[in-house]
Structures are given as structure tokens and as C-alpha cells.
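> quick one, fold the following:
(one chain, ligands or ions: 1)
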Amino acid sequence: NPVLDVDKIRKDFPVLAQKVHGKPLVYLDNAATTQKPNAVIERVRKFDSEEYGTVRRGAYKMSEGSTRMYEEARQKVADLLGTPDRNEIIFTSGTTQSVNLVAQSYGRKFLNEGDEVIISQIEHHANIVPWQMITEEKGAKLKIIPCNDKGELLMEEYEKLLSTKTKVVAVNHVSNALGTINPIKEIIDLGHKAGAVVLIDGAQSTPHMSLNVRELDCDFYTFSGHKMYGPTGIGGVYGKMDVLKSMPPYVTGGDMIRQVTFEKTTFNEPPSRFEAGTPPISQAIGLAAAIEYMQAVGIDKIAEYEHQLLEYGTRLLENIDGLRIIGTAENKASILSFYHDLVHPHDMVTLVDQDGIAVRGGHHCAQPTMQRFKVPATTRASVSFYNKFEELDVLAESIRKAIKVFS
Ligand code: PMP
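Below is the predicted model:
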């Protein structure tokens, strides 16, 4: 009895019916970005063709409607992440902007010389560089939680790094280069014990598992709409209301103010304090439709099915001679990263593309992770609930062919 009716699900995603180089498309770059179901495409089309107006300004019907739908989208995100207060959800363009917001707003106000920010060895550049910039500027230090050869964070090393100097801990929930699911509850609780705030980069977890930010008790949780079946240009960050209220604006301008005179400006309460300018309105409406779609499929079912896919794919790749799986944590989601000494990932990607397969080759914006595993790059296949077991067979066969070319 299969967990999901994948043939039926695939009919909801028009892109998946395509042929590439005469072969059925096998889309396995879901960690980079996911495809959109008709429910999202249609919702955005309807909104743009019948309902579109600006938000938070006009008192006329189109604008009132848009504003209501934009705030309903915020509510949908709040439901998904598990907070009853939708004003704890700030819309941004995605995880990159979300981390920059927290680093530039919280970091600028609360970091001082000698303070420390802890991140991990297996972060995306989006959760490294913003912290590097603000710690440098403030004379603070960046500390790194190392990982073992499986790609699991060394918790005893983390505990050693924590001290009264620690002001921020920022780690991903799921590593985009390895697929490791990090023990974030423990990371959050230990961070709090040291008196730090904790940011979780949820770019790779929100598409794959149920969440509850209130139970996790994190201070910030980021996400990207385009990785969870929604449009690009929309994402956000959950923040605890009292923490958000303590933070100054990051980007300034219209919509985020209470009153402006040339002498002084006062700022709005969160979330609008952090949403200067006209936001991505259609994209937020599309994101809400994507969340509804995921919820209708069932997020726990998605997690269970994708786990089966991942296990199946892992077994297939383990049986390929000379192929090294990079990232073999006990707890993983969606990602199969691998390396073969004879085939550079860029060649691998080009060759399997000939068989209609879309995978990513490169450093995955996680160069320190590549350095840790002493590889220049990896090839990464990342699954979604619309992928089929047979597609992983096609991938494995195509990888074997590619290796033969270079042998
Ligand atoms: N963090 C992680 C773990 C990611 O996988 C990504 C996207 N690859 C990002 C941050 C950045 O997200 P975005 O490009 O949507 O801003």
C-alpha cells in the first residue's frame, strides 16, 4: 500500500511531463528549487488577472482584497510553522534575505566587541557570509561547530564552544550539501542555556517535514518559497515577537514607518517594521497556495515517502563501484550527494543530462563543506514527493554509463 499516489500527484505538475533530449525529464534538483503544481500556477494567474492591487495602502476594493489575501498568506505560513501569531512571520525574498535581516538588525544592535556567533561547518553560504560580515564589523568572533565523517555535528564540540560570550547560534535544520538533519532541539536548548538567541535556517527542511517553531522554541526560523513548490522572490523568517520588537529596522523606506518628519521617524510594529516597500504580493499569494497543496497531500506522508525514496536511492548508489556518498548521517532528508574520482561533477551533470536527468554539480554554495570532505564539488540528486523509484533507477544507470565513458 503506497504512501502516496505519485502518478496522480505528477499530473498536478505540468513541467514533469516534458521530454529533455528526447527522454522523459527526471527532475532531481529539488534542493535548488522545486517545480510548481497547477494549484500555484492557477492561483497566481487568477490573482494577477482578476484580483491584483497594492497592499496596506489603498482603501478601495482591489487593494482591500489584496491586503486581506496577503495577510491570509501570512496566516498560512504561521499555521505551517506552528505559531498562533501571524505577526511573527516576516515576508522576505527568501532565506538569504532572512539571514541578512537578522544579522544586520539583531546583530548590529546586540553584538559587541569580543562577543561570539556560532555557526556550523556544514552551512550554506547564506548562513555564513552575513555572520562573517557583521562579526568583522563589530569585532566579534565567528566559531564553527565541526562535523564527523558522516556529516553529523559534534555536539560535545558545540557545548565546548558555548559560553557567556555567545550571542547568536545560527545553524541549518537540514544541510543542502549533505542532507544531514541536525539535532536542532538540542542545539536550541543549549544555545538558550548560554543566553544566546538561536536562528535555524529552514530552507531545506520546510519542504520536507512538519514543524513547530513554538515547540522548538527557536528565536528565528527562515524559509524560501521556491524550495517548497511556491514562486521565487518570496520567503521569510519567523521571529519570536519579543525578540522582533527589540530589533531595529533593516531596510528602511515606505510602509515600515509610523510617522516621518524631517526631524525624526518612528517605526511600525513587526512585521511591517521589517517589510519596507511594496512586497512581492502575487508571490505571497502563490506561496499560500503551495502550502495548501502540501498540506492537502499531507506533510507527514511527504516525509515518509521521501524517506523511502532516499533509502532506495542510497542503496542504488552504494552499489556503484568507486562512488562515494558524501553525507552519510543517520538522520537525513532528500539529498544524495556523491563523488567519483574518475568523473568531475560537472562532467557527470552534463552526461546524465543527456538521459533527461536534472541534477546539480558544484559546491552547492557550501564551500567549507566541500573542504571538510576534501572534494572539489559533488553531484547532488535531491528528491521530492513527485519523484518515482524508477527515476532513481534511471539515475543509477546513467551514472554507470558516465563512469564507463571516463574509465
Ligand atoms: N540555506 C540553505 C540550507 C539553502 O539550501 C539555501 C538555498 N540553496 C539557502 C540558504 C538560500 O536560499 P535562497 O537562495 O532561497 O535565498
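> chain center to stretch 291-300, what's the gap?
The gap between where stretch 291-300 is centred and where its chain is centred comes out at 17 Å by C-alpha atoms, centre = their mean, to the nearest Å.
> would you put the C-alpha positions of that stretch in PDB?
Once non-C-alpha atoms are left out, stretch 291-300 reads as follows in PDB (Å, rounded to 0.1, in the frame of the first residue of the first chain):
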ATOM      1  CA  ILE A 291       1.400  25.500   1.400                       C
ATOM      2  CA  GLU A 292      -2.300  24.500   0.900                       C
ATOM      3  CA  TYR A 293      -1.200  22.000  -1.700                       C
ATOM      4  CA  MET A 294       1.500  20.400   0.600                       C
ATOM      5  CA  GLN A 295      -1.000  20.300   3.400                       C
ATOM      6  CA  ALA A 296      -3.600  18.600   1.200                       C
ATOM      7  CA  VAL A 297      -1.000  15.900   0.200                       C
ATOM      8  CA  GLY A 298      -0.100  15.600   3.800                       C
ATOM      9  CA  ILE A 299       3.300  16.700   5.100                       C
ATOM     10  CA  ASP A 300       3.900  13.600   7.200                       C
END
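> and the stretch 201-350 of the chain, which residues reach the ligand?
201, 203, 204, 224, 235 (C-beta under 6 Å from any ligand atom). Placement of C-beta: from N, CA and C, glycine included.
> so who does the residue of the chain most remote from its centre touch?
If you look at how far each residue of the chain sits from its centre, by C-alpha atoms, centre = their mean, the farthest one is residue 263, at 40.4 Å. Remark: with contacts taken as C-beta atoms under 8 Å, 6 or more residues apart in numbering, residue 263 is in contact with nothing.
> can you tell me the helix or strand for it?
Residue 263 is part of no helix or strand, with elements assigned from DSSP states H and E.
> got the phi and psi for it?
Its backbone dihedrals place residue 263 at phi -80, psi -40, with angles given as degrees, to the nearest 10.
> next: the one 3 residues further on.
Main-chain torsions, residue 266, degrees, to the nearest 10: phi -110, psi 150.
> and the pLDDT for it?
Residue 266 is assigned a predicted lDDT (pLDDT) of 92.
> contact partners for it?
Listed by C-beta under 8 Å, 6+ apart, the contact set of residue 266 reads 257, 258, 259.
> next one: residue 138
107, 108, 111, 112, 113, 115.
> distance of the first one relative to residue 133?
When you say that, I think you mean residue 107. Taken as C-beta to C-beta, to the nearest Å, the spacing of residue 107 relative to residue 133 amounts to 9 Å.
> ok, the residues of the stretch 201-350 of the chain next to the ligand vs residue 35, which is closest?
Proximity of those to residue 35 (C-beta to C-beta) peaks at residue 224, which lies at 14.5 Å.
> what's opposite that closest one in the beta bridge?
Legend: beta-bridge partners of residue 224 under DSSP bridges are residue 235.
> wait, doesn't it sit right on residue 94?
Yes - the criterion here is C-beta atoms under 8 Å, and residue 224 meets it with residue 94 at 4.0 Å.
> the two: who's more crowded?
A side-by-side neighbour count of residue 224 and residue 94, using other C-beta atoms under 10 Å, places residue 224 first with 29 against 23.
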